[in-house]
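> Attaching a predicted model along with its sequence, questions to come.
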Amino acid sequence: MLSPVIQEEKATYGSPDYDRLWKKLISELFEEFILFFAPFLHEKINFSKEVTFLQQDFFQEILDYRSNRSYAVLVIKVPLVNGNEKWLLIHIEINGKADRAFRKQMFRYFYRIYDKYDREIYAIAILTNSKGNRRQNYFDYHYYGTSIIYHYHVYNYLEQDIHELQKSSNPFSAAVLAGIYANETKNNDLKRYILKRKLMVQVLRHFSQQKDKSKQYLSSLFYFIDYLLPTREELQSILTEELSNLVGMGGADKINFDISEFFPTSTGNLDKFKKH
């Protein structure tokens, strides 16, 4: 139980580097990403070979459509079991809506990559804060008998069942929960601390028994959650101490690591993690 009395304060935080944050998580847990967001592709991908994240400058002219960086765009070359490769286009929309401008941009991604590189593309839009829209998964164009309809995959945070996410054994369920909690706690630091603590305890208990993957799951998720749900230093220190005590008492099967190392926004760790 939390013993200190913590006063509620309005929180104001800068936007994380979403491209970097998502690229790190997906590159470290790529197979889990596919199993969570595109399970039907899993059997077609050769996971014994490395995937390639195309550099931003390689496709910047194709993807850059606005100055507001409240989104992440990743293009990944994926080796298939048949010896070919597929390109994955992942657009993660943080605060925007799946309006016509967004849907049009998803189509532009497709036709520009297809035209310039002639590659087959699997496209998915991950919407973190967009209310349901029956047209969110396609772009259509009609003009005097000329028409086109482009469909792409959509995963919308606001359409997910939180209880099902909490029960999931896939680490990306925790990443989605972190995004949902970030939306709910934009201006409430104490509520953010409470939900962040709850999620990190769940992560410790849920993913500390994954044999050889436990440390990777925990380090990847703690890094992601800590950046996505920043709290003021007072609360961060309390959280670090509480989770360290939980590990010390065997609450996470006594995993052999210093849990404070997994909090990149803590004083003393920030510079180190910025280099990664």
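Received it, and whenever you're ready, just let me know what you need.

> For the residue in the chain sticking out farthest from the centre, give me phi and psi.
The outermost residue of the chain relative to its centre, with distances by C-alpha atoms, centre = their mean, is residue 144 at 40.9 Å. Taking degrees, to the nearest 10, you get phi 50, psi 50 for the backbone angles of residue 144.

> same question, residue 82
phi -90, psi 10.

> Distance of the closest residue to it other than its chain neighbours relative to residue 80?
For residue 82, ignoring the flanking residues on the chain, the nearest one in space by C-beta to C-beta, 6 or more residues apart in numbering is residue 44 at 7.6 Å. The C-beta positions use only the backbone N, C-alpha and C, and glycine is treated the same way. Distance from residue 44 to residue 80, counting by C-beta to C-beta, to the nearest Å: 5 Å.

> which residues are common contacts for those two?
Jointly contacting residue 44 and residue 80 under the rule C-beta atoms under 8 Å, 6 or more residues apart in numbering are residue 86.

> I'd guessed residue 94 sits against residue 21; true?
No - counting by C-beta atoms under 8 Å, residue 94 sits too far from residue 21 to count as a contact (10.4 Å).

> quick one: which of these two has more around it?
For residue 94 versus residue 21, the count of surrounding residues by other C-beta atoms under 10 Å is larger for residue 94: 21 against 17.

> so where do the strands sit in the stretch 51-200 of the chain?
For the stretch 51-200 of the chain, applying DSSP state E, counting those that start in this stretch gives strands covering 52-53, 71-79, 85-93, 121-127, 138-143, 146-151, 153-156.

> and the second one, what other elements does it pack with?
By that I understand strand 71-79. If contacts are counted by 3 or more C-beta pairs under 8 Å, 6 or more residues apart in numbering; DSSP states H and E, strand 71-79 sits against helix 18-28, strand 52-53, helix 56-63, strand 85-93.

> What residues of the helix or strand in which residue 204 is found count as buried?
Using DSSP states H and E, residue 204 sits within helix 189-207. Judged by neighbour count (16 or more other C-beta atoms under 10 Å), helix 189-207 contains these buried residues: 189-190, 192-197, 199-204, 206-207.

> Figure out which of the helices and strands packed on strand 71-79 is closest to residue 214.
Closest to residue 214 of the helices and strands packed on strand 71-79, according to C-beta to C-beta: helix 18-28, at 13.5 Å.

> From the rest of the structure, what touches the closest one?
33, 51, 53, 56, 69-74, 76, 90, 92, 94, 175, 216, 220-221, 223-224, 227-228, 276.

> how about a cut-off of 10 Å?
Helix 18-28 is contacted from outside by 16-17, 32-34, 37, 50-51, 53, 56, 69-74, 76, 88, 90, 92-94, 126, 128, 171-172, 175, 216-217, 219-221, 223-225, 227-228, 274, 276, using C-beta atoms under 10 Å, 6 or more residues apart in numbering.

> Among the residues you listed, filter down to the buried ones and hand me the PyMOL syntax, if you would.
In PyMOL, a selection of the buried entries from these looks like this (16+ other C-beta under 10 Å):
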select buried, resi 16+32+33+34+37+51+53+71+72+73+74+76+88+90+92+93+94+126+128+171+172+175+217+220+221+223+224+225+227+228
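
> Okay, buried residues for stretch 127-138 please.
For stretch 127-138, a neighbour-count test (16+ other C-beta under 10 Å) marks 127-130, 136-137 as buried.

> for the stretch 51-200 of the chain, which spans come out with low pLDDT?
55-70, 95-96, 132-133 (pLDDT under 70).
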